[in-house]
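Student: output the structure for:
(chains A and B)
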Amino acid sequence: AQSVSQHNHHVILSEAASLELGCNYSYGGTVNLFWYVQYPGQHLQLLLKYFSGDPLVKGIKGFEAEFIKSKFSFNLRKPSVQWSDTAEYFCAVNRDTDKLIFGTGTRLQVFP
Amino acid sequence: NAGVTQTPKFQVLKTGQSMTLQCAQDMNHEYMSWYRQDPGMGLRLIHYSVGAGITDQGEVPNGYNVSRSTTEDFPLRLLSAAPSQTSVYFCASSYSGAYTGELFFGEGSRLTVL
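Tutor: So this is what the prediction gives:
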């Protein structure tokens, strides 16, 4: 079955540490890729997206993600995390349909 | 800016009861959808609609009904609630469909079925 996998369920970091969250998908062909963030007590917000072109995508708040087609991956990165980045992060994939499929999410805790 | 409004925010039901989760958006979005969020399972698509009068099933449609009589409203109905439907429900809308992935989410409705 087509799916989106986020293997890191819970990540704990200290401020200023670097972050990389994994996302893999099992769809073939052309896909659109997204990362969403859910801060504590808030609703989901779009962090960044990839449709085509440069596989390195920059989003808000210093986040970026790299699309590697050969690895079916779209990992999220940030060079130096802050306490305010504590949140749950969701990868999502759309294959030119009206269904946006989400991964299971990664909870990030950043300690000062 | 109201955006996507969900009501109620919290609800407790007994097994077998019915209820409707309301979702309204004021952005004139054609696309609307319902997700449920469960620990360790992320968000799963229940139903979606690409315009008034058109609905379709998502990943986990069983036990839920939807209708889309207007562009603004997309209610989610539980006809006979079960404990397995205890979850947080999110409504989301988009101007141009899920293709762009730019969904606007409501604040969620937390449902507990006893």
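Student: what is the burial count for A:Leu44?
Tutor: 26 (other C-beta atoms under 10 Å in any protein chain shown). (Each C-beta comes from the backbone N, C-alpha and C, glycine too.)
Student: up against chain B, what does chain A have?
Tutor: A:6, A:9, A:32-34, A:42-46, A:49, A:90, A:92, A:94, A:96-105 (C-beta under 8 Å from any C-beta of the partner chain).
Student: out of those residues, which are inside strands?
Tutor: A:32-34, A:45-46, A:49, A:90, A:92, A:94, A:101-102 (DSSP state E).
Student: in the host helix or strand of A:Arg77, what counts as buried?
Tutor: Under DSSP states H and E, the secondary-structure element containing A:Arg77 is strand A:73-78. Buried residues in strand A:73-78, counting neighbours by 16 or more other C-beta atoms under 10 Å in any protein chain shown, are found at A:73-76, A:78.
Student: tell me the secondary structure for B:Ser93?
Tutor: strand (DSSP: H, G, I helix; E, B strand; the rest coil).
Student: just the buried positions in stretch A:41-48, please.
Tutor: A:43-44, A:46-48.
Student: could you work out the end-to-end span of that stretch for me?
Tutor: Terminal residues of stretch A:41-48 lie 20 Å apart, using C-alpha to C-alpha, to the nearest Å.
Student: for stretch A:34-42, same thing?
Tutor: 18 Å.
Student: what's in contact with that stretch?
Tutor: For stretch A:34-42, the surrounding residues in contact (C-beta atoms under 8 Å, 6 or more residues apart in numbering or on different chains) are A:23, A:44-50, A:59, A:63, A:65, A:74, A:76, A:86-94, A:100, A:102, A:105, B:101, B:107.
Student: of these, grab the buried ones for ChimeraX.
Tutor: In ChimeraX syntax, the buried subset of the contacts of stretch A:34-42 is picked out as below (16+ other C-beta under 10 Å):
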select /A:23,44,46,47,48,49,50,59,63,65,74,76,86,87,88,89,90,91,92,93,94,100,102,105 /B:101,107
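Student: need the buried residues of strand A:73-78 in a markdown table with distance to B:Gly51 and pLDDT, can you?
Tutor: Output for the buried residues of strand A:73-78, formatted as a markdown table (distance: C-beta to C-beta, whole Å; pLDDT from 0 to 100):
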| residue | distance to B:Gly51 | pLDDT |
| --- | --- | --- |
| A:Ser73 | 34 | 95 |
| A:Phe74 | 29 | 97 |
| A:Asn75 | 35 | 97 |
| A:Leu76 | 32 | 97 |
| A:Lys78 | 38 | 97 |
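Student: what about the strands in chain B?
Tutor: For chain B, applying DSSP E gives strands covering B:4-7, B:10-13, B:19-25, B:31-38, B:42-51, B:54-57, B:64-66, B:76-78, B:87-94, B:104-105, B:109-113.
Student: turn the ones you listed into CSV, columns for distance to A:Ser18, mean pLDDT and mean neighbour count.
Tutor: Shown next, in CSV, are these (distance: least, C-beta to C-beta, whole Å; pLDDT from 0 to 100; neighbours: other C-beta atoms under 10 Å in any protein chain shown):
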stretch, distance to A:Ser18, mean pLDDT, mean neighbour count
strand B:4-7, 34, 96, 18
strand B:10-13, 38, 96, 14
strand B:19-25, 38, 97, 19
strand B:31-38, 28, 94, 24
strand B:42-51, 24, 92, 21
strand B:54-57, 41, 94, 14
strand B:64-66, 41, 97, 19
strand B:76-78, 40, 97, 19
strand B:87-94, 30, 95, 23
strand B:104-105, 28, 92, 20
strand B:109-113, 34, 96, 18
